[in-house]
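Enquirer: coords please:
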Amino acid sequence: MILVTGASGQIGSYVLERFVDKHDAVGVDLKPCSIKDLKDLVFQGDLRNYEFVRKVVKDVDIVIHLAAQVSVENSWNDPVYDAENNIIATINLLKASSNVGVDKFIYISSAAVYGNPRYVPVDEEHPKNPISPYGVSKLTGEYYCKIFADKIHTVIVRPFNVFSARMDPNNPYSGVIAKFISKVKRGLPPIIYGDGKQTRDFVYVKDVVNLIEITLKRGENREVYNVGTGRETSILELAKIVMDIAEINDKPVFDKPLKGDIRRSCADISKARKLGFEPKTDLRKDLEEIFEQID
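Expert: Model (predicted):
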């Protein structure tokens, strides 16, 4: 059986959907699942509670751990809550999984562990220098995975900027794509913080799920794999694409830069490619596909 933690979330829900069709799979999340076809498959519970975790992993062969506090801003506002959800919950899962004989543990980390890149594209050996409590907590989770790797096969996946139809534009901490789409659908130009020349590696959620599935089959113990497209897109380019899809003949609104905003970000996906991964993200096409699904 496969257990997907964070199964009500943006990535976790797609992961559970993928494996329900191919394996015996269930999910767990702190929040109830709002997706109709998954509701009966997702247990609600708190991974900070070891007794709950011990019961959940009892008959599990594979754990795919996506549950996390994912907001950088929230991690600054309440670093204790961030650490409890991203570190303590991970330790509980690793401990319980190793005790009951789980075969594989796939930990979904974040590109936030790198901090401000010293070079791009960023490979897995790039120095780790997180610049937020969130980045610190995700990196700490990685270290715990490696410590437990003598008892359980652990693989770490570092997604870059993931987007999907399940992004929440009403969440103040949602990604830039959700915010841009939400703006233009109301007839408003997107707001760009800074000059718009900062870059990101936007990867469609299906590519992330594909790599997770590949690592289940071929990911090596203790190894780390970036997942992105290997392509940089500037925020200004993104704004133009979104406005073009919405048929808005206007210019973006520019505001002062955000504190701590990373200038460039792009994944080196050479290691993932050696496993057979090849990204299929087509930014414009995928944005057109999800455009009508985001409020």
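
Enquirer: just the helices in the stretch 51-200 of the chain please.
Expert: Applying DSSP state H, counting those that start in this stretch to the stretch 51-200 of the chain gives helices spanning 72-77, 79-83, 89-100, 133-147, 176-184.

Enquirer: and of these, who's closest to residue 197?
Expert: Residue 197 lies closest to helix 176-184 among those, at 13.8 Å (C-beta to C-beta). In short, each C-beta sits where N, CA and C put it, glycine included.

Enquirer: output the contacting helices and strands for that closest one.
Expert: strand 161-163, helix 235-245, helix 283-291 (3 or more C-beta pairs under 8 Å, 6 or more residues apart in numbering; DSSP states H and E).

Enquirer: looking at these, which is buried most?
Expert: strand 161-163 (a mean of 24; mean count of other C-beta atoms under 10 Å).

Enquirer: neighbouring contacts of that one?
Expert: Residues from elsewhere that reach strand 161-163 (C-beta atoms under 8 Å, 6 or more residues apart in numbering): 10-11, 111, 175-178, 200-205, 208, 228, 265, 286-287, 290.

Enquirer: now with 6 Å, please.
Expert: Outside strand 161-163, the residues that touch it by C-beta atoms under 6 Å, 6 or more residues apart in numbering are 177, 200, 201, 202, 203, 205, 208.

Enquirer: of these, closest to residue 235?
Expert: Checking the contacts of strand 161-163 against residue 235 by C-beta to C-beta gives residue 200 as the nearest, at 7.1 Å.

Enquirer: pretty sure that closest one contacts residue 267?
Expert: No. The pair residue 200 / residue 267 is not scored as a contact, 10.1 Å apart, by C-beta atoms under 6 Å.

Enquirer: tell me which of those two has more neighbours.
Expert: For residue 200 versus residue 267, the count of surrounding residues by other C-beta atoms under 10 Å is larger for residue 267: 28 against 24.

Enquirer: check contacts around the nearest residue to that one once chain neighbours are set aside.
Expert: Take residue 267 and drop its neighbours on the chain: the residue closest to it by C-beta to C-beta, 6 or more residues apart in numbering is residue 228, 2.9 Å away. Contact analysis of residue 228 by C-beta under 6 Å, 6+ apart lists 160, 201, 203, 267, 269.

Enquirer: state the pLDDT value of the second one.
Expert: Confidence per residue is given as pLDDT, and for residue 201 that number is 97.
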